[in-house]
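In: Fold the following for me, if possible:
(one chain, ligands or ions: 1)
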Amino acid sequence: MAKRAARPVSVKSGRRSIQDKSRRARLDGAPDLAPTTNLLLANLPQAEIEAFSARAEKVRCATRDVMFDTGDPITTIYFPVSAMISLLTVLTDGTTIEAMTIGYEGMAGLPLFHGVKTAQSKGICQIEGEVYRIAADKFLDLIQQAPALTKMLHRYSQFMQDSMAQSAACNGVHLLEQRCARWLLVSSDAVSDGHFSLTQEFFAQMLAVRRAGITTTMGALERKNLIATRYGSITIVDRVGLEKLSCECYKTLSDRRRDLLNNSD
Ligand SMILES: [Zn+2]
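Out: Okay, here's the model as predicted:
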């Protein structure tokens, strides 16, 4: 896989636009609108929005853009808006398994927040879209004067731990079709869209199975009229049906995410 840096496309976002968009942020059920900001930024006080805006820029990431690789110094922090970033665990034989999906409810580069300067996971854009990015030194400066953002990042850290623990249990116990339904919903939530592009290679990484198993399972879901696939893009046709088919992990983590991240109380 070629290593590419995330490329800037759009210009720095104005302070006003971040605040206005943040008021419309949501992540509380079946998404039907494209996300307009990042949930961790959604309810910050004005002073912190301005401090963030002065240091960040909004850029567009393409599928397969590499944010950081295993062992790399973390030089940039990413807050997805409409993109989805995947944290991958890379084994010595080259096998890559997804550890965490990061959509507009989260951020990539969390080790730096905890005082760790290098990445253990590989961070890669799996669904193209926009992200706010901020240089590491500016991020460290920012959190010195942003207690509300600091609190949200602590809560997000807890959500990451809970997600990884749930996924470990899920991969070991739940059926492939259930897990596939779960990850289709998770991916849809991450970009807040019922239509997105995902490669079967990535799905195999997310589900820690071989690609042949993914092909069979996606075909079964399509025959049940739960999804439609076309040239690598996926459309969720019957979200309620997909939620019924999914294992318990989707609801467990959706509820947890809502409790931890949809408010700062
Ligand atoms: Zn599960």
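In: measure Leu40 to the ion for me?
Out: Distance of Leu40 to the ion, given as Cβ to the ion, to the nearest Å: 25 Å. For glycine as for every other residue, the C-beta is placed from the backbone atoms N, C-alpha and C.
In: likewise Ala99?
Out: Taking Cβ to the ion as the measure, Ala99 falls 15 Å from the ion.
In: Could you look up the SS state of that residue?
Out: strand (DSSP: H, G, I helix; E, B strand; the rest coil).
In: For stretch 167-185, measure first residue to last.
Out: 14 Å (Cα to Cα, to the nearest Å).
In: quick one: contacts of that stretch?
Out: In this structure, residues lying in contact with stretch 167-185 by Cβ atoms under 8 Å, 6 or more residues apart in numbering are 99-101, 203, 206-209, 213-214, 217-218, 220-221, 226-227, 234, 236, 239, 242-243, 245-247, 249-250.
In: Of these, which belong to helices?
Out: 203, 206-207, 213-214, 217-218, 220-221, 239, 242-243, 245, 249-250 (DSSP state H).
In: and the nearest residue to Ala83 once chain neighbours are set aside, what does it touch?
Out: Closest residue to Ala83 apart from its sequence neighbours, by Cβ to Cβ, 6 or more residues apart in numbering: Gly129 at 3.3 Å. Gly129 makes contacts with 60-61, 80-84, 191, as judged by Cβ under 8 Å, 6+ apart.
In: residues near the residue in the stretch 51-200 of the chain positioned nearest to the ion, how many?
Out: Taking Cβ to the ion, the ion has its nearest neighbour within the stretch 51-200 of the chain at Cys170, 3.1 Å off. A count of nearby residues for Cys170, using other Cβ atoms under 10 Å, gives 22.
In: and it, what helix or strand is that in?
Out: Under the criterion of DSSP states H and E, Cys170 resides in helix 147-173.
In: What parts of the stretch 101-250 of the chain come near the ion?
Out: Within the stretch 101-250 of the chain, the positions near the ion by Cβ under 5 Å from the ion are 170, 174, 247, 249.
In: Go again with 8 Å.
Out: Residues of the stretch 101-250 of the chain lying close to the ion (Cβ under 8 Å from the ion) are 166-167, 169-171, 173-174, 178-179, 182, 246-250.
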